[in-house]
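*Asks:* The following comprises the amino acid sequence and a computationally predicted model.
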Amino acid sequence: MKTTAGGRLLLIEDDASLRIVLGTELQRMGYDVTSHARGDGAADLAARCEPDVVLLDLHLPGRPGLEVLRDLAQQDPDLPVVVCTGHGTVALAVQAMQAGAFDFLTKPVALDVLEQTVQRACRHGALQRENERLRRASAHAAAGALAVALPSAATQRLDRQVARVAAAGQAVLITGESGTGKELVARRLHAGSARHQQPFVVVHCGAIPRQLVESELFGHTKGAFTGAEGKRPGLFEAADGGTLFLDEIGELPLEVQPALLRAVQFGEIRPVGSDSVRRVDVRIVAATHRDLRARVQEGAFREDLYYRLAVLELHVPPLRERAEDVAPLAQAFLQREASRAGRRLEFAPAALARLGTHTWPGNVRELENAIVRLGVLADGPVVGAADVDELVFAGGRRAAGGGALPTLDLGELEQLAIRAALQRFDGNKTKAAAALGIALKTLYNKLNAETPKPD
């Protein structure tokens, strides 16, 4: 009986002949089967073999099946357990489902029914695990990207300030050089606030065409301008109840600033082309690498808006002022790259020392890009000082095969990584995609995007 199913299955059945028959059939269905004959020790075995699904008899020596079921549910609430017993009654089925069973089957069970049930249980378990992974990833990103404790006094002082400011409801202005991680600070502010379950919406004020800034922020009505074919809510409405992050606020056109001031001050917005005012409940977090006070003096930024945005102010220090953070950040970035590539990677002490001698004018973003390059291009599992000199500093900008990397732009670095991976695996796109940690389809899309179209 051929199937596309697969995964690890724990079979807990005391009848030896049935255990052998079921184990054989489940293996034919594509499962890696581990068998156990008793109730005692079943939960410990599940913890060791980490099955995708459990097939459980209720009448077991050593420990009753219902107690085993409760043990498994307490140990891993997302593990699907299919109960299969020869003494099926409605009352017993209800007890099993209340104890956390995914489904209830009565012996003898037809193999096609067993196969369908186990397949559904596996899909359910995979979906639960994926939801948990995404939830954790989302919380992880919102809390600040890398789960790494940074030792510098400057970073620890900023962490304490972020924790205090997050609980407040006032507007926050985050300042700091490009690449220092201002958006990560904004996400941590949102994650630590009472609004953490509501939207976090990012607006890059310098990336929106000048003539569309007001429409993007406040929305527009049908026919408000050429191309406005329908009513569209703005980003303020999208963030209603949550946090609106205005990145590079210093790039906001002067003519839009009065409307933004009213939105910040009174929570009122007016969509372009509309006569009506709408109220929104949004916490504003803004960020800039510019000196907004100087912009005010130059007449390029409204003073009243500046004071509305800078009720609370946080400064993210450049990496050169927190040199103690370079090594732990580099190690965390390298471990992330190792996980993506599915191989072991670590720094030699001399390599970390070499990284610590650089001033990192591009800050954390430059360091991250450098570690991505090392993770892709370094030959062995141990990244040495020579690798750092050749791939980051000395050659500086040399790519594998002699190609030039003129900047630390992440898009260019991505293309370099793709070419290096294809070269390493002799053009095998499947292996290259696996090493890069991306889907094969994604690799093809990126290669097609890189290929210039004929004139």
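*Replies:* Yes, it's here.
*Asks:* Average pLDDT for stretch 16-25, rounded please.
*Replies:* For stretch 16-25, the mean per-residue pLDDT is 94.
*Asks:* contact partners of it?
*Replies:* 1, 11, 13, 33, 35, 37, 55, 107, 111, 114 (CB atoms under 8 Å, 6 or more residues apart in numbering). In this view, the C-beta of every residue, glycine as well, is placed from N, C-alpha and C.
*Asks:* tell me the domain boundaries of the chain?
*Replies:* 7-138, 153-317, 321-450 (automatic domain parsing).
*Asks:* ok, of those domains, where does mean pLDDT dip lowest?
*Replies:* Here the lowest mean pLDDT among the domains of the chain goes to domain 321-450, at a mean of 80.
*Asks:* What lies in contact with stretch 195-211?
*Replies:* Here stretch 195-211 makes contact (CB under 8 Å, 6+ apart) with 142, 183, 186-187, 190, 213, 216-217, 235, 238-253, 283.
*Asks:* Which strand or helix spans Val376?
*Replies:* helix 363-377 (DSSP states H and E).
*Asks:* mind pulling up the phi and psi values for Ala224?
*Replies:* The phi/psi pair for Ala224 (degrees, to the nearest 10) reads phi -60, psi -30.
*Asks:* Please produce JSON lines containing the domains of the chain, extended by mean neighbour count.
*Replies:* JSON lines is the format used below for these (neighbours: other CB atoms under 10 Å):
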{"stretch": "domain 7-138", "mean neighbour count": "17"}
{"stretch": "domain 153-317", "mean neighbour count": "17"}
{"stretch": "domain 321-450", "mean neighbour count": "17"}
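*Asks:* after whichever strand or helix holds Leu413, next one along is what?
*Replies:* Element membership of Leu413, judged by DSSP H and E, is helix 410-424. Downstream of helix 410-424, the first helix or strand assigned by DSSP H and E is helix 429-436.
*Asks:* Just want the angle from the helix or strand that comes right after that following helix to helix 410-424.
*Replies:* Sequence order places helix 440-450 as the next helix or strand after helix 429-436, per DSSP H and E. Counting by axes from the mean of the first three to the mean of the last three CA atoms, to 10 degrees, helix 440-450 points 110 degrees away from the direction of helix 410-424.
*Asks:* Quick one: list the elements packing against helix 440-450.
*Replies:* helix 410-424, helix 429-436 (3 or more CB pairs under 8 Å, 6 or more residues apart in numbering; DSSP states H and E).
*Asks:* please redo it, this time with the cut-off set to 6 Å
*Replies:* The criterion is 3 or more CB pairs under 6 Å, 6 or more residues apart in numbering; DSSP states H and E, and the helices and strands that helix 440-450 contacts are helix 429-436.
*Asks:* on contacts alone, who are the packing partners of the helix it packs on?
*Replies:* helix 410-424, helix 440-450.
*Asks:* ok now the longest one, how far from the chain's centre?
*Replies:* Using CA atoms, centre = their mean, to the nearest Å, the distance from the centre of helix 410-424 to the centre of the chain it belongs to is 22 Å.
*Asks:* Quick one: list the elements packing against that helix.
*Replies:* Short answer (3+ CB pairs under 6 Å, 6+ apart): helix 410-424 packs on helix 363-377, helix 429-436.
*Asks:* Sounds good, over and out.
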